[in-house]
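> Sequence plus the predicted model coming up.
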Amino acid sequence: GESWERVLLAAGPMPSTPALAVRGSRVHVLAYDAGRGVPRLHSLEDDMAFEELEHGWTNEVLGDPRYHEGLEPSLGVDRDGRLGAAWFRCARASDGLGSCDRESGLMFAWEDDGVWELERVTGGETREECGMAPALAFGPDGDARVAYRCQRDGVEQVHLARREPL
């Protein structure tokens, strides 16, 4: 055996799994920060300091802190090397997790010259949960594609959405 290096990126309640993407030599991990109710992106900046969270990594909050969002995140890299992310938004932060409203849904974000752009893919139609468990990928032409789950009238559904290249 080989040996593994490890670093602790986050601790606390983890109601969903993290997402991982590699872009060139940079590693990105997107995880739900249960304490703040937002998605948090951890990015390895210095490979020589992999095991040193304070020195080798940066972290930033994505999304809108007015909501509980970031559950079940997904990451992808487009053909031009831009990082994209998708996650489920459930409720306004003041309402408590699980109180999904018309503003709930699937969120999509991408990094453009160090600035994160955010748009809603689904939501606003009903109080039912739509946009759960997203899986993000970019097509050969650079278009974003997201498969996700909905629950409508007690029926589980799988949907696919796509967007023109960034």
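Perfect, thanks for sending it.
> can you tell me how far the residue most central in space within the chain sits from residue 55?
Taking C-alpha atoms, centre = their mean as the criterion, residue 73 is the residue nearest the geometric centre of the chain, at 3.3 Å. Plainly put, residue 73 is 25 Å away from residue 55 if you go by C-beta to C-beta, to the nearest Å. C-betas here are computed from N, CA, C, even on glycine.
> How many residues are close by the closest residue in space to residue 140 that isn't next to it in sequence?
Distances taken as C-beta to C-beta, 6 or more residues apart in numbering place residue 79 nearest to residue 140, at 7.2 Å, with adjacent residues excluded. One way to gauge burial is a neighbour count; for residue 79, by other C-beta atoms under 10 Å, it gives 13.
> Same check on residue 56?
17.
> So what are the sheet partners of the host helix or strand of residue 89 and their directions?
Using DSSP states H and E, residue 89 maps to strand 83-92. Sheet pairing for strand 83-92, assigned by DSSP bridges, gives strand 67-77 (antiparallel), strand 105-112 (antiparallel).
> Kindly reformat the ones you listed as TSV containing distance to residue 18 and mean pLDDT.
Shown next, in TSV, are the strands paired with strand 83-92 (distance: least, C-beta to C-beta, whole Å; pLDDT from 0 to 100):
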stretch	distance to residue 18	mean pLDDT
strand 67-77	7	90
strand 105-112	16	93
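> Indicate which one of those strands is closest to residue 17.
With C-beta to C-beta as the criterion, residue 17 lies closest to strand 67-77 of these, at 7.3 Å.
> Now find how far off-centre that closest one is within its chain.
What separates the centre of strand 67-77 from the centre of its chain is 2 Å, taken as C-alpha atoms, centre = their mean, to the nearest Å.
> before we move on, what about stretch 73-93?
Between the centre of stretch 73-93 and the centre of its chain there are 4 Å (C-alpha atoms, centre = their mean).
> Just the CA coordinates for that stretch, please, in CSV.
As requested, the backbone C-alpha atoms of stretch 73-93 are provided in CSV (Å, rounded to 0.1, in the frame of the first residue of the first chain):
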residue,chain,number,x,y,z
PRO,A,73,-24.7,19.9,-4.3
SER,A,74,-23.1,19.0,-7.7
LEU,A,75,-20.1,20.4,-9.4
GLY,A,76,-18.9,20.4,-13.0
VAL,A,77,-16.3,22.1,-15.3
ASP,A,78,-17.2,23.4,-18.7
ARG,A,79,-15.1,23.1,-21.9
ASP,A,80,-13.5,26.5,-21.1
GLY,A,81,-12.6,25.5,-17.6
ARG,A,82,-15.3,27.5,-15.8
LEU,A,83,-16.6,25.9,-12.6
GLY,A,84,-20.3,25.4,-12.3
ALA,A,85,-22.5,24.3,-9.4
ALA,A,86,-26.0,23.1,-8.8
TRP,A,87,-28.0,22.6,-5.6
PHE,A,88,-31.4,22.5,-4.0
ARG,A,89,-32.9,25.6,-2.3
CYS,A,90,-35.6,24.7,0.2
ALA,A,91,-36.8,27.7,2.2
ARG,A,92,-36.3,31.2,3.5
ALA,A,93,-33.8,31.0,6.4
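> Sounds good, over and out.
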